[in-house]
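> dropping a prediction and its sequence here:
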Amino acid sequence: MIKKILIVDDSPVARKILKSCIPKEDDYEFYEASDGLAALDAYKSIQPDVTFMDITMPGMNGMDCLEEIMKINGKAIVIMCTADVQIKSVGKAMSLGALNFIRKPASKETVQKALSEARNILTNA
């Protein structure tokens with residue numbers, strides 16, 4: 001079951017767009033971080049069920065943050081969200097443990113598909 005969702009992006013607008021793509025009827029608890037360092041702290045204290053992570057951010061970028069999160073919890077569910085969808089970036093994120101990769105700006109369809117995949121993993125864990 002997904003209850004807590006962490007959204008990490010240095011753009012408040014991008015965080016708002018992503019949040020608007022998540023179904024309201026599921027009563028999720030939302031948390032936000034504006035860079036990788038804040039995301040790492042938030043991850044440790046909140047222990048979200050799902051994290052949506054931008055790649056390009058000031059301070060600690062999303063790839064480095066993903067790597068650190070996976071050291072904390074090797075079964076963490078992290079979905080990378082970026083406008084920079086290069087095959088090299090996708091491959092690196094997946095090799096670091098990302099569940100999925102969605103293109104920004106996020107759409108309801110891609111976010112809901114990613115959440116469905118995350119829900120299946122949590123249900124079968």
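Received the coordinates, thanks. Numbers count the residues shown, from 1 in each chain.
> can you show me the helices along the chain?
Using DSSP state H, the helices of the chain run over residues 12-20, 36-46, 62-72, 87-96, 108-123.
> let's have those helices in a markdown table, adding distance to residue 30.
In short, each C-beta sits where N, CA and C put it, glycine included. Formatted as a markdown table, the entries for the helices of the chain read as follows, by distance: least, CB to CB, whole Å:
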| stretch | distance to residue 30 |
| --- | --- |
| helix 12-20 | 6 |
| helix 36-46 | 10 |
| helix 62-72 | 18 |
| helix 87-96 | 22 |
| helix 108-123 | 13 |
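> which one, of those helices, ends up nearest to residue 53?
Shortest distance between residue 53 and those, using CB to CB, is found for helix 62-72: 4.6 Å.
> identify the bridge partners of the residue nearest to the spatial centre of the chain.
Nearest to the geometric centre of the chain sits residue 52, at 1.5 Å (CA atoms, centre = their mean). When bridges are called by DSSP bridges, residue 52 pairs up with residue 7, residue 79.
> pLDDT below threshold where in the protein?
Judged against pLDDT under 70, the low-scoring parts of the chain cover residues 85.
> for residue 114, which residues are in contact?
Contacts of residue 114 were listed using CB atoms under 8 Å, 6 or more residues apart in numbering, and they are 79, 99, 100, 102.
> just name the closest of these to residue 91, please.
When those are compared for distance to residue 91, the smallest value, 13.3 Å, is given by residue 100; criterion: CB to CB.
> neighbours of that closest one, how many?
Around residue 100 there are 20 other residues, counting by other CB atoms under 10 Å.
> next one: residue 23
Residues near residue 23, counting by other CB under 10 Å, number 11.
> contacting residues around it?
When contacts are counted by CB under 8 Å, 6+ apart, residue 23 is found next to 112, 115.
> with residue 33 instead?
Residues in contact with residue 33, defined by CB under 8 Å, 6+ apart, are 6, 7, 8, 39, 41, 42.
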